[in-house]
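Asker: return a 3D structure for these sequence lines:
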Amino acid sequence: MSSENVQTKWGQFISLIIVFFFWGFVGSANDILIPVFKKVFTLSQVQSQLVAWAFYAAYFVGSIIFFLVSLKSDVLQKFGYKKTLSAGLLLSAVGSFLFVPAATMQSFPFFLTALFTVGLGFSIQQIVANPLAIKMGSPQTGAHRLTLAGGVNSFGTTIGAILLGIALFGMGDNKKTNLSLEDIKLPFIILGLAFIVVAIFMYFSKIEDPAKIEEAQIDHKHAAFNILDYPQLYLGMLGIFIYVGTEVTIISNLPALLHTSEFGNVLEDAIAPFIALYWGSLMIGRWNGGVNVFNTSNLVNTALKFIVPALAFGVIIGANIFAAHDVSAFYIYPIWILLFIAVSFVGGKNAGKTLMLFGISGLLMMVLGLVWPNPEIAKFFFISGGLFLSIMWPSIFDLAIAGLGKNTGKASSFLIMMILGGGVIPLVQGSICDLDATHPNGILGITYTHFSYIVPLLGFAYLAFYGFYCPKILRKQGVSHVISEGGGH
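Answerer: Numbers count the residues shown, from 1 in each chain. Predicted coordinates:
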């Protein structure tokens with residue numbers, strides 16, 4: 001990236017990544033709300049997963065609406081990136097404010113409606129912000145910027161869980177275990193106001209509008225385009241569906257797992273540190289990948305691959321200590337971080353190889369979590385799934401749109417629709433957890449809640465397969481694009 005590019009675009013990029021932070025913040029807030037709603041509304045595990053369903057289904061619905069409207073008149077061409085992004089932020093603000101009447105009425109369906117509205121706003125923001133991050137500077141470092149923005153998103157998920165935990169339950173000696181739904185109002189009023197402030201800031205910011213100069217892309221919708229002509233795309237759509245579903249289901253069902261007697265009867269007020277460690281694991285991986293945005297020598301780059309994850313882990317520990325959580329059990333976790341760093345070096349910059357290796361690693365972590373005799377260690381195998389998922393998004397995206405040329409824009413909107421997996425797959429795992437109510441003896445000597453982690457295990461298996469098989473498809477098509485510019489290595 002030239003110094004001129006850095007000077008003209010860096011300030012704009014920082015303003016944009018505030019939006020990525022919000023996505024993360026709300027994503028982890030859901031994981032605090034799931035066990036809270038489960039208790040307050042006496043829900044089954046599968047019913048509690050409707051929180052994830054409402055949020056991620058909104059991405060799918062929002063993407064479809066956006067796509068259909070764009071067929072008639074291209075939204076980004078008509079309104080530009082800035083206005084569209086601001087509108088998405090205002091829609092999320094409306095959703096945040098809906099939490100107030102939902103809490104007053106003590107209505108679970110109303111809460112789901114509020115979350116769905118926040119998610120609808122996020123779907124518009126996602127469609128705009130991902131390509132905008134890539135266009136804010138040199139094309140060569142575009143995907144690295146997306147990885148760095150993903151790292152900020154993960155910072156939001158890491159501290160979001162802790163801050164909402166403090167807002168709802170207090171901290172230290174003043175901590176309470178019983179929650180009133182009234183306590184949910186203030187955090188979401190503040191969040192709604194923050195959305196409005198950022199929307200106004202975005203609207204009046206000096207972000208240049210790539211939509212105004214993308215004349216060459218206007219005819220995308222008129223091009224004959226058949227998904228079935230591109231196996232890398234339809235298998236990649238399934239890849240995104242499974243990737244997001246696996247990422248969400250591991251953590252959405254973790255409170256239920258830790259609540260079992262087998263895993264120590266951890267209560268709702270004590271779950272935030274584990275949620276922060278999981279989302280922090282994604283932050284560790286993405287910060288590690290974001291190192292490539294900066295132009296450094298090989299030696300400095302290699303050193304940063306160890307220093308940056310250590311700093312990220314320090315942020316997780318520091319935030320938990322600030323919140324007066326006991327995190328002494330977490331000090332064993334660097335073993336998994338070192339394993340992650342080792343695998344990332346082996347994968348290098350090859351998107352397919354990296355995806356395959358991380359898929360196999362995640363699969364092994366799930367197997368070990370299922371069979372490890374000591375639950376104190378087993379839970380960290382499940383949590384470490386976050387490390388191995390952390391850099392998959394750019395790798396899957398890279399492979400799925402390789403060789404699509406002028407149809408790349410359409411392909412991207414189809415891939416964003418597949419975020420729906422974050423709503424569907426947790427329901428599957430939640431329904432397995434609920435078998436404990438009717439089959440108290442469990443299966444294979446463990447509870448059904450513990451056994452339910454077979455679901456992310458199968459997810460990792462598919463992702464490893466896609467990483468292995470997709471480069472073969474591309475070679476047959478004569479496409480040599482298997483280098484992941486933003487794969488996070």
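
Asker: burial count for Ile275?
Answerer: 28 (other C-beta atoms under 10 Å). The way it works is simple: take the backbone N, C-alpha and C, and place the C-beta from them, glycine included.

Asker: give me the neighbour count for Leu404.
Answerer: Neighbours around Leu404, by other C-beta under 10 Å: 18.

Asker: got a list of what it touches?
Answerer: Neighbour list for Leu404: Tyr230, Leu233, Ala411 [criterion: C-beta atoms under 8 Å, 6 or more residues apart in numbering].

Asker: the last one: which element?
Answerer: Same thing as Ala411. helix 408-417 (DSSP states H and E).

Asker: tell me which residues are up against the following helix or strand past that helix.
Answerer: Reading on from helix 408-417 to the C-terminus, the next helix or strand found by DSSP H and E is helix 421-433. For helix 421-433, the external contacting residues (C-beta under 8 Å, 6+ apart) are 44-50, 52-57, 59-60, 240-249, 252-253, 256-257, 448-449, 451-456, 459.

Asker: what is the burial count for Ser328?
Answerer: Neighbours around Ser328, by other C-beta under 10 Å: 7.

Asker: quick check: phi and psi on Gly264?
Answerer: phi 100, psi 10 (degrees, to the nearest 10).

Asker: re the thing from before, make a ChimeraX selection of whichever of the contacts of helix 421-433 turn out to be buried.
Answerer: Listed next is the ChimeraX selection for buried residues among these, using 16 or more other C-beta atoms under 10 Å:
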select :45,46,47,48,49,50,52,53,54,55,56,57,59,60,240,241,242,243,244,245,246,247,248,249,252,253,256,257,448,449,451,452,453,455,456,459
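
Asker: now do the helix holding Ala411: which elements does it pack against?
Answerer: Applying 3 or more C-beta pairs under 8 Å, 6 or more residues apart in numbering; DSSP states H and E, one finds that helix 408-417 makes contact with helix 50-72, helix 108-135, helix 231-252, helix 392-401.

Asker: residues contacting the spatially closest residue to Lys38 that is not a sequence neighbour?
Answerer: Leaving aside its chain neighbours, Lys38 sits nearest to Ser48 (4.0 Å; criterion: C-beta to C-beta, 6 or more residues apart in numbering). Shown in contact with Ser48 (C-beta under 8 Å, 6+ apart): Ile34, Pro35, Phe37, Lys38, Ala256, Gly430.

Asker: what of Ile189?
Answerer: Ser96, Phe97, Phe99, Val100.

Asker: please, which helix or strand holds it?
Answerer: helix 185-203.

Asker: buried residues, that helix. List them.
Answerer: Lys185, Pro187, Phe188, Leu191, Gly192, Ala194, Phe195, Ile196, Val198, Ala199, Met202.

Asker: give me the distance between the longest helix seen in the chain and the centre of its chain.
Answerer: Counting by DSSP state H, the longest helix found in the chain is helix 3-40. Offset of helix 3-40 from its chain centre (C-alpha atoms, centre = their mean, to the nearest Å): 10 Å.

Asker: next structured bit after that helix?
Answerer: Downstream of helix 3-40 (by DSSP H and E), the next one is helix 45-48.

Asker: average model confidence for that following helix?
Answerer: Across helix 45-48, pLDDT averages out at 94.

Asker: with stretch 124-143 instead?
Answerer: pLDDT averaged over stretch 124-143 gives 71.

Asker: and stretch 247-254, by the same measure?
Answerer: 95.

Asker: now do the SS call for the residue located most distally from the centre of the chain.
Answerer: Relative to the centre of the chain, the most outlying C-alpha is that of Asn441, 34.3 Å out, by C-alpha atoms, centre = their mean. State at Asn441, reduced to three classes by DSSP: H, G, I helix; E, B strand; the rest coil: coil.

Asker: for it, grab phi and psi.
Answerer: Dihedral angles (degrees, to the nearest 10) for Asn441: phi -80, psi -10.

Asker: next, the buried residues of the lowest-mean-pLDDT helix or strand in the chain.
Answerer: Among the helices and strands of the chain, helix 3-40 carries the lowest confidence by mean pLDDT, DSSP states H and E, at a mean of 76. By 16+ other C-beta under 10 Å, the buried positions in helix 3-40 come out as 9, 12-13, 16-40.

Asker: before we move on, back to that, as TSV, the contacts of Ser48 with distance to Ser123 would be great.
Answerer: Formatted as TSV, the contacts of Ser48 follow (distance: C-beta to C-beta, whole Å):
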residue	distance to Ser123
Ile34	21
Pro35	26
Phe37	22
Lys38	26
Ala256	27
Gly430	23
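
Asker: on that earlier part again, pick out the lowest-pLDDT one from the buried residues of helix 185-203.
Answerer: Met202 (82).

Asker: how near is that residue to Phe116?
Answerer: 23 Å (C-beta to C-beta, to the nearest Å).

Asker: so, low pLDDT: which residues of the stretch 151-300 of the chain?
Answerer: 172-174, 177-179, 207-224, 292-295 (pLDDT under 70).

Asker: cool, and the stretch 301-450 of the chain?
Answerer: 409.

Asker: what about Leu304, distance to Gly62?
Answerer: Taken as C-beta to C-beta, the span from Leu304 to Gly62 is 36 Å.

Asker: the two: which is more packed in?
Answerer: Comparing Leu304 with Gly62 by neighbour count (other C-beta under 10 Å), the higher total belongs to Gly62, at 25 against 18.

Asker: for the host helix or strand of Leu163, packing partners?
Answerer: Secondary structure from DSSP H and E places Leu163 in helix 142-169. Counting by 3+ C-beta pairs under 8 Å, 6+ apart, the packing neighbours recorded for helix 142-169 are helix 3-40, helix 108-135, helix 185-203, helix 272-290, helix 298-322, helix 392-401.

Asker: got JSON lines for the ones you listed, with distance to Trp336 too?
Answerer: Listed next are the helices and strands packed on helix 142-169 as JSON lines, based on distance: least, C-beta to C-beta, whole Å:
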{"stretch": "helix 3-40", "distance to Trp336": "19"}
{"stretch": "helix 108-135", "distance to Trp336": "29"}
{"stretch": "helix 185-203", "distance to Trp336": "31"}
{"stretch": "helix 272-290", "distance to Trp336": "8"}
{"stretch": "helix 298-322", "distance to Trp336": "10"}
{"stretch": "helix 392-401", "distance to Trp336": "16"}
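
Asker: and the ones you listed: which comes nearest Gly156?
Answerer: Between Gly156 and the helices and strands packed on helix 142-169, the tightest spacing by C-beta to C-beta is seen for helix 3-40, at 2.7 Å.

Asker: now the closest one against helix 185-203, angle please.
Answerer: 160 degrees (axes from the mean of the first three to the mean of the last three C-alpha atoms, to 10 degrees).

Asker: next, the angle helix 50-72 makes with helix 3-40.
Answerer: Using the same axes, to 10 degrees: helix 3-40 against helix 50-72 is 140 degrees.
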